[in-house]
Each structure stands twice: as C-alpha cells, then as structure tokens.
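Participant: below is the sequence, then the predicted model.
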Amino acid sequence: GQVIDSEYAGDGVTISADNPNRSFDLAIAFDSTETGTQDPDLEDLWDGGNLASDTLLRNLLIIAEQDVRSGGLPDDEGERPAGLLIFDLENQMVSMGFDLVDVENTDDEPGGVDFFLGLALQGSFEFKDLMDTGSPVFDPTIEFGNNTANRISAVLLAELDNAVGPVFDRMVFRMGGSGAIDNVVLATAPEPAALPLLLIAGALLGCRLRARPEARRRRVGSA
C-alpha cells in the first residue's frame, strides 16, 4: 500500500499514475505474497503465464482503486480502462522489459506501452501484440488470464513497427483493466564495453532501482 512516486529520483526515475475513475491518482505497491487481500488475483501462486507458479514477485506496482492515504486497503483499479502508470526518466533509454501480472483479456481490456521523448511519441505496442506472430514483440510463451504472471523480454524501441526514433525518456503503461507490473528493466544505448541497466526489483521493502554494468542486454530477475 505504499505510494510510489519519488523513491527512485536519485536514480533518475520518477513514477506517477493517472486514474480517470477516481479523484486521486496513486501508483502503489501490492505485496503478492500476502493472502486474504482485496484482490486474490494478484496473490501468488500463479495460475498461468510464462513464470513458474511459485515465482515470488513480492511487491507489484498497481493503480490504486482506494485512497490508501485515508486508510483504504491496497487494490488495483478494476474499471475499464484502469488508467496509466507513468515512468519519467532523467536519461534516455533504448529498451525496456517488465513483468505483467493478472492481465486477463486484451480485447475487453486493451492495454499497452507508449514511449516518448519529451512530449513526442516515439513508438508503442499493445499487450495483444505479444501474442501476435507478426509483431516484433511476439513471444510464444505469453499466456494471459486471471492470476497470470508473464515476463516480457527487453523491447528495443527501434525495432517497433511504428518507431520514429531510437531513444525515449518517458514510458507510459496503459492499463486496460485490473493488473500490475513489476521488474522494470531499462537499458541505455550501448557503450564500448558496458551496457548499464536500471532495475526496479519486485519487492518494495527491497524494491530498489539499481545500476550495474553488463556486456549486453539480458533478463534480470526479481530481487
């Protein structure tokens, strides 16, 4: 239930939400290891998806349906659309990967990700594109549905069909309905011997934004 906004400002990332259904706009953490919560669909064990059913994602990022600042219990927005989760970045990035939890029906609850440079849209993809064999983001292991957890491999902006530029400094997750994201991995443009990664790990009480050099882009698991 912790509100997430400027916790990672020192690492060049700020997070916000836009909820068109409420008088408040809150991005908050939801602990997937809890039981008896407001939303059992966000609790592990997982019923499907490409992550193992016993994967401990811990704190997920959701758009709040209740005002936790006034004592409301953590729950993800269930209206359609649920709203936006917004990441503003100090540095320009070229790719992004993430975990997507409890996205059920991409036809009734269409969602996706938009990439911006300043205010200019640089490219986007829909969650349903992850299951489209003709899409550059197609992944045959993806399985949507109730209480599912999927890991989305790094998406390179320049490889999107509608890309107009190779870099972005803002990304917006459009949530078509209830659902959550986790383990956001951002990659800067490659340097001669290193590719710094910024990882938002899954546990907020250990959900830290970290930077470390890597020789190439790769998936990074939850801390």
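Facilitator: In hand now; what should we look at? Numbers count the residues shown, from 1 in each chain.

Participant: gap between the two ends of stretch 50-58?
Facilitator: Start and end residues of stretch 50-58 are separated by 17 Å (CA to CA, to the nearest Å).

Participant: now that stretch: average pLDDT?
Facilitator: For stretch 50-58, mean pLDDT rounds to 97.

Participant: list the buried residues of it.
Facilitator: 50, 51, 55, 57, 58 (16 or more other CB atoms under 10 Å). Backbone N, C-alpha and C define where each C-beta goes, glycine included.

Participant: for residue 152, see how far away the residue positioned nearest the centre of the chain is.
Facilitator: The centroid of the chain falls nearest to residue 181 when counting by CA atoms, centre = their mean (3.5 Å). Per CB to CB, to the nearest Å, residue 181 is found 9 Å from residue 152.

Participant: need the residues touching each of the two.
Facilitator: Common contacts of residue 181 and residue 152 (CB atoms under 8 Å, 6 or more residues apart in numbering): 98, 99, 100.

Participant: quick one: buried ones out of the residues you listed?
Facilitator: Buried members of the shared contacts of residue 181 and residue 152, scored by 16+ other CB under 10 Å, are 98, 99, 100.

Participant: next step: these restricted to helices.
Facilitator: Judged by DSSP state H, helices contain none of those.

Participant: redo those residues as TSV? Include distance to residue 156 and pLDDT.
Facilitator: Shown next, in TSV, are those (distance: CB to CB, whole Å; pLDDT from 0 to 100):
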residue	distance to residue 156	pLDDT
98	14	98
99	18	98
100	18	98
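
Participant: list the contacts for the closest residue in space to residue 128 that isn't next to it in sequence?
Facilitator: Distance criterion CB to CB, 6 or more residues apart in numbering; nearest residue to residue 128, sequence neighbours excluded, is residue 106 at 3.9 Å. Residues in contact with residue 106 (CB under 8 Å, 6+ apart) are 126, 127, 128, 131, 144, 176.

Participant: could I get the phi/psi values of the second one?
Facilitator: Think residue 127. Here is the backbone geometry of residue 127 (degrees, to the nearest 10): phi -60, psi -40.
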